[in-house]
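Q: got a sequence here, can you model it:
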Amino acid sequence: MGTVLPARPPQTLYVTIRRDELRALKNERDQLKQELAQLRLALQDVDQVTRVTQLQA
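A: Got it, this is the predicted structure:
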């Protein structure tokens, strides 16, 4: 058996980011949120079609 080590408290990592990098990350986040919303709607549509198809069968 391996040695059990006590858990260390989480450490905070500080980084420096340029404003243009931050803006690009925010834009990417917003785009991904929109894409996620579209995928969720598409999944709901597929789920509804599946239910209707099962009821008709």
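Q: in the chain, which segments are predicted with low confidence?
A: The chain contains residues with pLDDT under 70 at 1.
Q: let me see the ranges of the helices in it.
A: Listed in chain order, the helices of the chain (DSSP state H) span 19-56.
Q: what about residue 51, neighbour count?
A: Counted with other Cβ atoms under 10 Å, residues neighbouring residue 51 total 10. All C-beta atoms are positioned from the backbone trio N, CA, C, and that covers glycine.
Q: check residue 11 too.
A: 5.
Q: and for residue 4?
A: Residue 4, neighbours per other Cβ under 10 Å, totals 6.
Q: who's in contact with it?
A: Applying Cβ atoms under 8 Å, 6 or more residues apart in numbering to residue 4 gives no contacts.
Q: what about it, distance to residue 10?
A: 19 Å (Cβ to Cβ, to the nearest Å).
Q: what do you get for residue 16?
A: 20 Å.
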